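Chemist: With the sequence up front, the predicted model follows.
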Amino acid sequence: MGKHLRLLSHKNRPKSPQKHSKPAPWVDVSDDERPRKIPRTGGLSVNGQGSRKVNGVSTNGHGGPSKASEHHSPGNFHNSSMNGRHSPSGDINGHRRKKARRGSLGATQENIDVQSGGKFSEIQEQRKLLPIAQGKDALLEEIRRNDVTILLGETGSGKTTQVPQYILEGGLADKGMIAVTQPRRVAATSLAARVSVERNTKLGHLVGYSVRFDEKNGSDTRIKYLTDGMIMRELMSDPLLSKYSVIIVDEAHERTLRTDLLISNLKSIQKTRNQPVDAKGKGPASHLNPLKIIVMSATLDAEKFSKFFAGAKVVYVKGRQHPVKIFHTAEGQNDYLEAAMRTFFQVHNDQGPGDVLIFLPGQEDIESLNKSIQLFANQLPQERMEVLTCPMYAAQAPGQNSKVFLAAPTNTRKCILATNIAETSLTIPGVKYVIDTGKCKEKQYLARDSGGGFDTLLTKDITKSSANQRAGRAGREGSGMCFRLYTEDAYNAMPPMAEPEIRRCSLTSSVLQLKCFGQDIQELEFMDGPDLDSVISALKTLYLLGALDKQKQLTSTGRDMASFPLEATYARVVLASREYGCTREILEIVSVLSASSKLFQDIAEQRDSAAEARRALRHPSGDHLTVLAAVRSYTALSSNPETATRSARRQWCDRHYLNERALLEARDIYTQLRQTCSRQGIDCNVSCGERDEPILKALAHGLVQNSALLQPDGASYKQTMGRSVVKIHPSSVLADKKVPAIIYNELVYTNQIYARGVSSISKSFFNTIPALNQRQA
DNA sequence: GAGCACTGC
């Protein structure tokens, strides 16, 4: 064990960059002495008039974002402004802010100051101190003069909370609302709450929000925070988004599928709405209220956004971030787990107090490193500071993740082992040291010409933007250090940004949604267009589902499908449930499948007892009916007075290793789906009682492409509509069973191609599915 | 025999 503490071989060690007497195996590429470059005019710089070059900053030597990043200048990391939002409240009353974070999962900004509120005048004073405040007038002038503005704001600049207010104060949105779009729900709701406090108004009046399942706005709402998925839905009923005068697309650098679709649509909407009125005052758009677009981003791709919007102005706002000293290894590391462990104990031995955050690609690595660190920490001399490890990943049992927000006991150093969840979604207080393995897992959709396709989930090297984001996590509360387990050359060779999501995921549902707006994904103008293979695959799937006809025209089935907030396959299942008289059961199942958290928890140490407890719910036909059994048992608790209490329900969930959060979310989705059904004239109370067959038949309709037949080897299955050979995922209740034919929710390639969410069906079911027979004929 | 992170009138 002792050998693990041995550092990299001595002769390879570079000279220590630090004043410590002990040499460290790190090359310091940060440059504390380099004067911090100050952009022009009060923290705000703008590219030259008419200049296409991004951000005069990079040419006039005033220090721009791309330049800063290449020099790894501390304090100039480009963190997602998700973090930046903490800044205003943090400045005002950091104490309460910390409290609000405790125990909250994901909702790190929830309830910040909302009830407590600072004094109004005090809040206004603090607003004036934000970095962006110095550039307010210049910024407003740019927005007034241009239809599109790209705003590059560093962490802590205050852009997301302030810019909408400036626009309101400056009277730039007198004819309509200001929309601020966010990729995440919690961000939208908590930002609205914060800004509402800053305006000294009640949430839902001047400032409101709109996210799935939750909405607070009224006729007097002028600033509305909403998720990008929500505004895409609004596009269905209001194709020109005419109620908004200004649309601010925040976190655009994340390049989510919905953000990209929105940006594409905004460009063409603006073209229509801002058309000049002709001489007779009868221009086609003369009655339309012109639209201003502001794209807010936190990274290096300003040029791309600017180019897409015909050379739009780029405005840069400095942020507030403590300096982070960055170290790279002198040599590449073969075993990043071992390197991470050595580095952790090196930090633990040599550095002062402060928690350590280690970025790892996935749960498996986290569990393994967690064990090693604990084992080794137990052998440390008594007088050493103790080590408390906190694993953190999304699939972890609820409650486990919140442990990370509690302060460590005295004389204890917290070591947080996290996936990318700690990169943008959660901010952990107390972190001073970051260890970055340089790895992450990324989903990538592989389209197949057969129409379907599958996701791969493989470990990859991260991007520059991600590396900077990770490093920035060490500088949230004070100066910090980041130890990268890769060389500086490796860093320099990293791609600047991740591939946008539009090139990485199935486009089936998006193609359908766009068809409903009368748009063709192949004709839209994108910053990065989708792969042709993915488009073809999506069109083929939609055709098989009956959503499109042979001419790729939307069918009435397709229009009905699009009205459901569901993946296209599940929407088809709901429609099919009418024919089989099992809408009630299907809605119950589909709501759980659509929930963001997994229903069945899997805790490594308790795997056997979990399997035992789950046996009670297990249905022989497979996972879909097992889900139904779980939902029904859970719902039945409420009708029994003895188990109707909140805590009884929770206990029941714990006993069965079920994630109650998934069930609660599923209930919201269920309610929403019932509403959609009644609008569509579907009777959602029709039930097939105890019969299983109708349910499986309805499922088979939507999952036509996701079907496979047992191979002669008796262990694997061959797709009916593709060439892949797949295995049933070990988490399935059918994992060790042999059945002649299966349908499944999805395929994921990790070590092999696994089918997840599997049910056994009779081969004869395929005969009832028109698309399948057509193809076989 | 195994699960990066988000999201939807």
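Modeler: That came in fine, so what should we check first?
Chemist: can you tell me which helix in chain A is longest?
Modeler: Using DSSP state H to assign secondary structure, the helix with the most residues in chain A is helix A:660-679.
Chemist: Please save the CA atoms from it in CSV.
Modeler: What follows is helix A:660-679 as a C-alpha-only set of coordinates in CSV (Å, rounded to 0.1, in the frame of the first residue of the first chain):
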residue,chain,number,x,y,z
GLU,A,660,-39.7,8.0,-4.5
ARG,A,661,-38.6,11.1,-6.4
ALA,A,662,-39.1,9.1,-9.6
LEU,A,663,-42.6,8.2,-8.5
LEU,A,664,-43.5,11.7,-7.5
GLU,A,665,-42.2,13.1,-10.8
ALA,A,666,-44.1,10.3,-12.6
ARG,A,667,-47.3,11.4,-10.9
ASP,A,668,-46.8,14.9,-12.3
ILE,A,669,-46.2,13.6,-15.8
TYR,A,670,-49.2,11.3,-15.4
THR,A,671,-51.4,14.3,-14.6
GLN,A,672,-50.0,16.2,-17.6
LEU,A,673,-50.5,13.3,-19.9
ARG,A,674,-54.1,12.9,-18.8
GLN,A,675,-54.7,16.5,-19.6
THR,A,676,-53.2,16.0,-23.1
CYS,A,677,-55.4,12.9,-23.6
SER,A,678,-58.6,14.7,-22.8
ARG,A,679,-57.7,17.5,-25.2
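Chemist: what's in contact with that helix?
Modeler: By CB atoms under 8 Å, 6 or more residues apart in numbering, the surrounding residues in contact with helix A:660-679 are A:212-213, A:398, A:563-566, A:574, A:583, A:587-588, A:590-592, A:594-599, A:630-631, A:634, A:649-650, A:653, A:683-684. Bear in mind the C-beta positions are built from the backbone N, C-alpha and C, glycine included.
Chemist: Just the buried positions in it, please.
Modeler: By 16 or more other CB atoms under 10 Å, the buried positions in helix A:660-679 come out as A:660-663, A:665-667, A:669-670, A:672-674, A:676-677.
Chemist: Any stretches of chain A with poor pLDDT?
Modeler: By pLDDT under 70, the weakly predicted segments of chain A are A:1-118, A:277-287, A:398, A:450-451, A:604-605, A:770-777.
Chemist: restrict the contacts of helix A:660-679 to those near DNA strand B?
Modeler: The residues of these that also fall near DNA strand B, by CB under 7 Å from any atom of the strand, are A:Arg212, A:Ser563, A:Pro565, A:Leu566, A:Ser594, A:Ser596, A:Lys598.
Chemist: So how do I select the buried members of the contacts of helix A:660-679 in ChimeraX?
Modeler: With 16+ other CB under 10 Å as the burial test, the buried ones among those are selected in ChimeraX as follows:
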select /A:564,565,566,574,583,587,588,590,591,592,594,595,597,599,630,631,634,649,653,684
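Chemist: Okay, and which of the contacts of helix A:660-679 map to helices?
Modeler: When those are checked against helices (DSSP H), the matches are A:574, A:583, A:587-588, A:590-592, A:594, A:630-631, A:634, A:649-650, A:653.
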